[in-house]
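> below is the sequence, then the predicted model.
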Amino acid sequence: MIPVTPLTVPIVGDILCYTIAPLFGWLTMSLAKRALFAPSPVTKHFKREFSTAMAVRPWQIRASAFHGAAMVPGASRLSPQYGSRSRSKICRERVAPGASPLAGPVTRLKDDALAAGGGLGWDRSAR
């Protein structure tokens, strides 16, 4: 499997995204779908709605490569905080009337990510 990082390198990434990567994507998409759902089978809804043609467009491949390359450092920065909050504690917290049940946890996740150095695409001024 081709690592995502070379696809993010200027010029080299462009060449790969417009030549080899789409072909590789078409050839390996059925294996990737099975791996995504393993050990369960791929759902009928996913088979019907997911467009391989859209997923292997060069600009989509490039965007996915950038997201994949940013995922590991972002998770590494957040890892010290993994045990600081239990899921049950977040679920038990009160929610304001009319607000989404996820509004509090999502806002805290955003704040935690920003405090850990960002990297998730959130604008620091939007706090």
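That came in fine, so what should we check first?
> buried residues, stretch 18-32. List them.
A21, P22, G25 (16 or more other CB atoms under 10 Å). Quick note: C-beta positions are derived from backbone N, CA and C, even for glycine.
> domain-wise, how is this structure divided?
1-76, 83-127 (automatic domain parsing).
> dump the helix or strand hosting P22 to CSV, keeping only the CA atoms.
Taking DSSP states H and E as the criterion, the element that holds P22 is helix 20-37. What follows is helix 20-37, C-alpha atoms only, in CSV (Å, rounded to 0.1, in the frame of the first residue of the first chain):
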residue,chain,number,x,y,z
ILE,A,20,-0.7,6.2,-10.2
ALA,A,21,-3.0,6.9,-7.2
PRO,A,22,-6.4,6.8,-9.0
LEU,A,23,-5.5,3.5,-10.7
PHE,A,24,-4.3,2.1,-7.4
GLY,A,25,-7.5,3.3,-5.8
TRP,A,26,-9.7,1.6,-8.4
LEU,A,27,-7.8,-1.6,-8.0
THR,A,28,-7.9,-1.8,-4.2
MET,A,29,-11.3,-0.1,-3.5
SER,A,30,-13.2,-3.4,-2.9
LEU,A,31,-10.5,-4.6,-0.5
ALA,A,32,-10.6,-1.3,1.3
LYS,A,33,-14.4,-1.4,1.6
ARG,A,34,-14.2,-4.9,3.1
ALA,A,35,-11.5,-3.9,5.5
LEU,A,36,-13.5,-0.9,6.6
PHE,A,37,-16.5,-3.0,7.5
